[in-house]
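[1] need a 3D model of the sequence below.
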Amino acid sequence: MSNPVYARVLGPLTLALDNRNATPTAQKQRQLLALLLIRHSTVVPVTTLIEELWNDDPPRSAITVVQTYVLGIRKKMAHYLEVDQGEIADRYLRTWSKGYMFDAQDCVLDVRDYRTMTDAARCALTAGDDLRAVDLFTAAEALWTGPALLDVECGLPLSAELSHLEQVRLTDLELRIEAQLRLGRYREVCPDLARLTAEQPLHERLQAYYMYALCRSGRRHRALESYHEFARSLQRELGLDPCVKLRRLHSDILNASDESVTLMLERRHAGYLIGWQAGAERSATPA
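    Numbers count the residues shown, from 1 in each chain. Have a look, this model is predicted:
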């Protein structure tokens, strides 16, 4: 088989070669495959697969049923990918003494590519190369075609994996936005931050980024409006006030003049928000 298998979890579950779709249709087979792909190239114990499929109420024949699901996945892969089931067992869905592993060495797997690109982006940040970091983070984000495994029912192990993946994704978004703000791309990042603050209405750091970007884009009135919207949401949902730093950011924006607001933001807030100090050299002209 010369062409690679394509496996995708950053959106709908997909397993395919060219236009031949080998994705299981049975729900529990989809759950099993999804967990193996998320934990690709590591052995997933049979006990974990059983927990995923039946939580704490498995049937007595659970181990046998898991074996049947694995054989069903292999059979469908072999049929649609036009290879023998033995090759599938040797190269892809492999059996170990106490579990199974999806070996992704010969696959194009979106979640692995995502982690590879974001790791490289973090290395670029460490080296001070914000331009490369933004490009890599942006390319990694493009691999997502929707919420991860949006068409798969999830048990406890898979839900935990998706929660971790979503937190990693949010952190990567924050790092990309920080880099864009250091590059002076204030107008460019505002639409992203409008969407993200709507999706994460109680996230104080995203709100601070948004206020900072709006203010640096010449939209100080909108930065103040967004703070009041956020404060009302926080009070309504949690009965809390914004943190001290966010309140101070709001107060400083409110009290600064149009002429002094940029210098104030750079001196008092850029350091802790985006890791940038007033007077530092940047490699792009502010938008």
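[2] outside of the helix or strand where Met101 lies, which residues touch it?
    Assessed by DSSP states H and E, Met101 sits inside strand 99-102. With CB atoms under 8 Å, 6 or more residues apart in numbering as the test, strand 99-102 has contacts from 7, 33, 36-37, 39-46, 48-49, 70, 92-94. Any C-beta I mention is one placed from the backbone N, CA and C, and that applies to glycine too.
[3] put the alpha carbons of stretch 222-239 into PDB.
    Once non-C-alpha atoms are left out, stretch 222-239 reads as follows in PDB (Å, rounded to 0.1, in the frame of the first residue of the first chain):
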ATOM      1  CA  ARG A 222     -15.500  49.300  22.600                       C
ATOM      2  CA  ALA A 223     -12.800  48.100  25.100                       C
ATOM      3  CA  LEU A 224     -14.700  49.800  27.900                       C
ATOM      4  CA  GLU A 225     -18.000  48.300  26.700                       C
ATOM      5  CA  SER A 226     -16.600  44.800  26.500                       C
ATOM      6  CA  TYR A 227     -15.300  45.100  30.100                       C
ATOM      7  CA  HIS A 228     -18.800  46.000  31.400                       C
ATOM      8  CA  GLU A 229     -20.300  43.100  29.400                       C
ATOM      9  CA  PHE A 230     -17.700  40.800  30.900                       C
ATOM     10  CA  ALA A 231     -18.200  42.100  34.400                       C
ATOM     11  CA  ARG A 232     -22.000  41.600  34.200                       C
ATOM     12  CA  SER A 233     -21.500  38.000  33.000                       C
ATOM     13  CA  LEU A 234     -19.100  37.200  35.700                       C
ATOM     14  CA  GLN A 235     -21.300  38.600  38.400                       C
ATOM     15  CA  ARG A 236     -24.400  36.900  37.000                       C
ATOM     16  CA  GLU A 237     -22.800  33.400  36.500                       C
ATOM     17  CA  LEU A 238     -20.400  33.300  39.500                       C
ATOM     18  CA  GLY A 239     -21.300  36.200  41.700                       C
END
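[4] which other residues reach it?
    Contacts of stretch 222-239 (CB under 8 Å, 6+ apart): 197, 201-202, 204, 207, 210-212, 214-215, 240-242, 246, 249-250, 253-254.
[5] what are the phi and psi angles of the closest residue to Pro59 other than its chain neighbours?
    Counting by CB to CB, 6 or more residues apart in numbering, Val65 is the residue found nearest to Pro59 once chain neighbours are left out, at 6.5 Å. The phi/psi pair for Val65 (degrees, to the nearest 10) reads phi -60, psi -40.
[6] could you do the one 3 residues further on as well?
    In this entry, Thr68 is assigned phi and psi values of phi -70, psi -40 (degrees, to the nearest 10).
[7] roughly how far apart are it and Asp119?
    The gap separating Thr68 from Asp119 is 37 Å, by CB to CB, to the nearest Å.
[8] center of the chain, which residue is that?
    Arg169 (2.4 Å; CA atoms, centre = their mean).
[9] which pLDDT value goes with that one?
    Reading off the confidence values, Arg169 has pLDDT 97.
[10] so it makes contact with Trp144?
    Yes: Arg169 lies in contact with Trp144 (CB atoms under 8 Å); the separation is 7.5 Å.
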